[in-house]
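# With the input below, show me the fold.
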Amino acid sequence: MARKCELTGKKANNAYAVSHSHRRTKRLQHANLQTKRIWWPAGNRWVKLRISTKALKTLQIKGIDVMAKEAGINLNHY
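Numbers count the residues shown, from 1 in each chain. Below is the predicted model of the structure:
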């Protein structure tokens, strides 16, 4: 499974780890992903998603149906 948010598509960002002597080595800044069980009222069941914490906050405002439609995913498959 890819390290990618299922609702927003957030993934790792390329960056540098900079030491005290200013040597730069490549590193990845991973998205803060959490596996959550979210109640889906329209389907009357729990849906298990791997989403970022930013998406979790947005989910509380918009709702799961709206975010799933924006992401283009079918919740019946989760």
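# CA atoms for contacts and neighbours, from now on please.
Fine.
# For stretch 36-55, buried residues please.
By neighbour count on 16 or more other C-alpha atoms under 10 Å, the buried set for stretch 36-55 is 47, 49-52, 55.
# Can you tell me the SS state at residue 54?
Following DSSP: H, G, I helix; E, B strand; the rest coil, we place residue 54 in the helix state.
# could you show me where the strands are in the protein, in order?
In the chain, the strands defined using DSSP state E lie at 13-18, 24-29, 33-40, 45-52.
# is it possible to export these to a markdown table including distance to residue 4 and mean pLDDT?
Formatted as a markdown table, the strands of the chain follow (distance: least, C-alpha to C-alpha, whole Å; pLDDT from 0 to 100):
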| stretch | distance to residue 4 | mean pLDDT |
| --- | --- | --- |
| strand 13-18 | 11 | 98 |
| strand 24-29 | 12 | 98 |
| strand 33-40 | 8 | 97 |
| strand 45-52 | 8 | 97 |
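# one step back: for the buried residues of stretch 36-55, which one is nearest residue 26?
residue 52 (22.9 Å; C-alpha to C-alpha).
# residue contacts, that closest one?
Shown in contact with residue 52 (C-alpha atoms under 8 Å, 6 or more residues apart in numbering): 5, 8, 10, 31-34.
# So which bits of stretch 5-23 are buried?
Here stretch 5-23 shows 5-8, 10-11 as buried, counting by 16+ other C-alpha under 10 Å.
# which of those sit farthest apart?
7 and 11 (11.2 Å).
# hang on, the earlier thing: and of the strands of the chain, who's closest to residue 61?
In terms of C-alpha to C-alpha, the element of the strands of the chain nearest to residue 61 is strand 33-40, at 13.7 Å.
# picking that back up, so which of the contacts of residue 52 comes closest to residue 18?
residue 31 (19.7 Å).
# Who does residue 34 form a beta bridge with?
For residue 34, the beta-bridge partners are residue 51 (DSSP bridges).
# Touching, it and residue 53? I think so.
Yes. Using C-alpha atoms under 8 Å, residue 34 is in contact with residue 53, at 6.9 Å.
# export stretch 11-28 as PDB, just CAs?
Output of stretch 11-28 as PDB, limited to C-alpha atoms (Å, rounded to 0.1, in the frame of the first residue of the first chain):
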ATOM      1  CA  LYS A  11       2.100  12.000  -0.300                       C
ATOM      2  CA  ALA A  12       5.700  12.400   0.600                       C
ATOM      3  CA  ASN A  13       7.600  15.600  -0.200                       C
ATOM      4  CA  ASN A  14      11.300  15.600  -1.300                       C
ATOM      5  CA  ALA A  15      13.500  17.700   1.100                       C
ATOM      6  CA  TYR A  16      17.000  18.000   2.500                       C
ATOM      7  CA  ALA A  17      18.300  17.100   5.900                       C
ATOM      8  CA  VAL A  18      20.700  19.900   6.700                       C
ATOM      9  CA  SER A  19      23.400  19.200   9.300                       C
ATOM     10  CA  HIS A  20      25.100  21.700  11.500                       C
ATOM     11  CA  SER A  21      28.000  22.000   9.000                       C
ATOM     12  CA  HIS A  22      25.300  22.600   6.400                       C
ATOM     13  CA  ARG A  23      25.900  19.300   4.500                       C
ATOM     14  CA  ARG A  24      22.700  18.400   2.700                       C
ATOM     15  CA  THR A  25      21.400  14.800   2.300                       C
ATOM     16  CA  LYS A  26      18.100  13.900   0.600                       C
ATOM     17  CA  ARG A  27      15.200  12.800   2.800                       C
ATOM     18  CA  LEU A  28      11.400  12.500   2.600                       C
END
